[in-house]
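> Sequence first, then the predicted structure, then my questions.
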Amino acid sequence: LRKLYCLELEKKKQRYCIIMSHSKIEQEIDKCTDEKNTKDDWNQIYECVDLINASRRQKDVLKILLRKLRNRNPHVSMQALTLLDSCVANCGHEFHRELCSKSFCSDAKNILNNKSINPQVLQRFAYLLRKWSQMDEIRKDSSLGLLSDLVSDLRAMGFTFDYENKTSGNLEAAVSKSKSSAASGGVGSSGGGRSGSASQKDSSAAALSKEDEDLAKAIALSLQEQQQQQQRSASPRLGGGASGGGGGGAGGLYPNMMPAADARQARTC
């Protein structure tokens, strides 16, 4: 009886550890993808990767990260892609097996067909899928062929996988523009004056691609909403009026996003 009791107690401990491990992983992922992050914290990212490796809960991690990709804030989605890229680089065969599973590939295709998600997020996701499919660890393993099949399907659907070459150098400009747009009181504000408007259009055309414009607008909208929420919480008697300036340090909520090349950092776990 004592032996049976000890076995049952050990099972309960294991179940408890699994629950706590899942909760801890989700908390760490939330930290890495928080919309208030001002930059990618690689120490935090690697701590999260180590925790994922130790937990062996790769399938749950992928579900959480795919959920983050559907977030209406493109900054959260971009951070989720950075973390996912680091996991693919550092978490080994077990993670690759889940990445190339039928379940993940099906979910990934559904996300890429979701027109409500920011176009630049989708473009970077497609780019990363192709990059992962070309890794030796995946390309040379016949059991991981579903990811290559997915990339072929995406190519047939019209995806070009040119995210890095086309847009990574302009992400900082996109975020900077979103901050200036929010500070001026609107995403589409012309700033007054025919010559000023023409000058702004010329500089935007030189600095940003169409995808960067879309991302800048999405970030600016999210930034405005947060500024209004902060004003309402700070001055409830004013009825939440969003008059001009206000927002103080809210500009720091949206970082200069790290280019996709930095997300390819790898180390031995």
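Looks like it came in fine.

> Every contact and neighbour count from this point should use C-alpha atoms.
Will do.

> Please report how far the closest residue to Leu51 other than its chain neighbours lies from Phe125.
Excluding the flanking residues, the one nearest Leu51 by Cα to Cα, 6 or more residues apart in numbering is Ile25, at 6.7 Å. Using Cα to Cα, to the nearest Å, we find Ile25 at a distance of 22 Å from Phe125.

> Of the two, which one has the most company?
The neighbour comparison of Ile25 against Phe125 (other Cα atoms under 10 Å) goes to Phe125, with 24 against 20.

> Hmm, that one is touching Ala80, no?
No: using Cα atoms under 8 Å, Phe125 is not in contact with Ala80, being 10.1 Å away.

> Just say helix, strand or coil for Asp40.
Classification of Asp40 by DSSP: H, G, I helix; E, B strand; the rest coil places it in coil.

> Do I have it right that it meets Ala80?
No: contact between Asp40 and Ala80 fails when scored by Cα under 8 Å: they sit 10.5 Å apart.

> ok, Asp41 - how many residues close by?
12.

> residue contacts, it?
Cys32 (Cα atoms under 8 Å, 6 or more residues apart in numbering).

> now swap in Ile25 and tell me
If you count contacts by Cα under 8 Å, 6+ apart, Ile25 has them with Cys48, Leu51, Ile52, Val61.

> got it, and Arg56?
Contacts for Arg56 (Cα under 8 Å, 6+ apart) come out as Glu94.

> Phi, psi for it please.
phi 60, psi 40 (degrees, to the nearest 10).

> Check what pLDDT it gets.
Note on Arg56: pLDDT of 80.

> Repeat that for Gly158.
88.

> Count the residues that sit near it.
8.

> Asn43 too?
Neighbourhood size, Asn43 [other Cα under 10 Å]: 10.

> Which residues belonging to the helix or strand that it is a member of are considered buried?
Element membership of Asn43 [criterion: DSSP states H and E] is helix 42-55. Within helix 42-55, the residues that count as buried by 16 or more other Cα atoms under 10 Å are Trp42, Ile45, Tyr46, Cys48, Val49, Leu51, Ile52, Asn53.

> which ones are touching Trp42?
Contacts of Trp42 (Cα under 8 Å, 6+ apart): none.

> which residues sit in contact with Arg70?
Residues near Arg70 by Cα under 8 Å, 6+ apart: Ser77, Ile111, Ile117.

> how far away is the residue nearest to Leu51 from Cys87?
Taking Cα to Cα, one finds Ile25 at 13 Å from Cys87.

> go on, Asn43?
For Asn43, the distance to Cys87 - Cα to Cα - is 13 Å.
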